[in-house]
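Trainee: build the 3D model from these lines:
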Amino acid sequence: MSDKPKLSIRNLQKQYGDNVILRGVDIDVFAREVIVIIGPSGSGKSTLLRCINGLESINGGEVYIDDSRIQYTPAALQQVRQRIGMVFQSYNLFPHLTVMENLLLAPTKVQKRDKKSVIPQARELLDQVGLLDKADSYPSQLSGGQQQRVAIARSLVMNPEVLLFDEVTSALDPERVRDVLDVMKDLAARGTTMLIVTHEMGFGRDVGDRIVFMDQGVIVEQGPPEQVFGNPQEERTRQFLRNAM
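Mentor: Residues are numbered from 1 along each chain as shown. From the prediction side, this is the model:
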């Protein structure tokens, strides 16, 4: 692991009117590191990811990638989202496009890459997520879990440097969750740099290099899984885990 972080968040603040969501969050993410963010609903986890990706404006603080401060201007956002990909709770696939067409759209339109050069990568990624045989299918012909795996492949085909996951299994039937989590475990094994917001505690313990527990817009505790899950230092963490595990 490099001694310099791939992504640095400094004093990040976000509020809606008088409602303060993030209260000065600081975190470093190193290349090939998997950070799992846990915490109660409303603690600011998803908002943190959306601010990093530029989907929400920030009220204070800074975000750096490779020591370069990210400028969240309209002109710069497209480049930001190519470097920092995001997979959402909802799949957001284009229903009128096939699986392959969904994967090819952004690389050819946004990155101006040649379609012939993208197709082999798209096929490899579909194979990686176990859906190569669905390349010519439409989203309506897929289960929710399959659509979510396509959404992951669609993010990967853009070659992001960091990948954000926001509760990607929360909308799935229980029997479909495992397939998606297995894909994410495979990405972790391949060295993908990831920030994962999840309520799946067992998955977080298995895949995370570091667990970050948030509550009321701040990081209460962070550390390796064996510490946070096995010997949490803060009473608020212990209280949350008693209810969540």
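Trainee: for the protein, give me the ranges with low pLDDT.
Mentor: The model of the chain has pLDDT under 70 over residues 1-2.
Trainee: helices along that one, start to end?
Mentor: Applying DSSP state H to the chain gives helices spanning 45-52, 74-83, 99-109, 115-128, 144-156, 174-189, 201-207, 225-230, 235-244.
Trainee: which one of these lies nearest to Val29?
Mentor: Comparing the helices of the chain against Val29 with C-beta to C-beta, the closest turns out to be helix 45-52 (9.3 Å). To be clear about C-beta, it is placed using only N, CA and C from the backbone, and glycine gets the same treatment.
Trainee: contacting residues for Gly85?
Mentor: 155-156, 158, 160, 162-164 (C-beta atoms under 8 Å, 6 or more residues apart in numbering).
Trainee: which residue packs closest to Pro225, ignoring adjacent ones?
Mentor: Nearest residue to Pro225, sequence neighbours excluded (C-beta to C-beta, 6 or more residues apart in numbering): Arg205, at 4.7 Å.
Trainee: ok, the one you found touching Phe229?
Mentor: Yes - between Arg205 and Phe229 there is a contact under C-beta atoms under 8 Å: 5.3 Å.
Trainee: who has more neighbours, these two?
Mentor: Using other C-beta atoms under 10 Å as the criterion, Arg205 and Phe229 rank with Phe229 on top: 21 against 16.
Trainee: tell me the bridge partners for the closest residue to Phe165 other than its chain neighbours.
Mentor: Computed as C-beta to C-beta, 6+ apart, the closest residue to Phe165 that is not its neighbour in sequence is Ile196, at 4.4 Å. As for beta bridges, Ile196 partners with Val36, Phe165 under DSSP bridges.
Trainee: can you redo the helices of the chain as TSV with distance to Lys6?
Mentor: Shown next, in TSV, are the helices of the chain (distance: least, C-beta to C-beta, whole Å):
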stretch	distance to Lys6
helix 45-52	12
helix 74-83	10
helix 99-109	22
helix 115-128	21
helix 144-156	16
helix 174-189	15
helix 201-207	18
helix 225-230	20
helix 235-244	26
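Trainee: need the contact list for the closest residue to Leu93 other than its chain neighbours.
Mentor: Sequence neighbours aside, Pro139 is the residue nearest to Leu93 in space, at 4.3 Å (criterion: C-beta to C-beta, 6+ apart). Counting by C-beta under 8 Å, 6+ apart, Pro139 makes contact with 91, 93-95, 99, 102, 147, 150.
Trainee: dump the residues you listed to CSV, plus distance to Lys116 and neighbour count.
Mentor: Shown next, in CSV, are the contacts of Pro139 (distance: C-beta to C-beta, whole Å; neighbours: other C-beta atoms under 10 Å):
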residue, distance to Lys116, neighbour count
Tyr91, 27, 22
Leu93, 23, 21
Phe94, 21, 12
Pro95, 26, 8
Val99, 18, 27
Asn102, 18, 25
Gln147, 26, 25
Val150, 21, 25
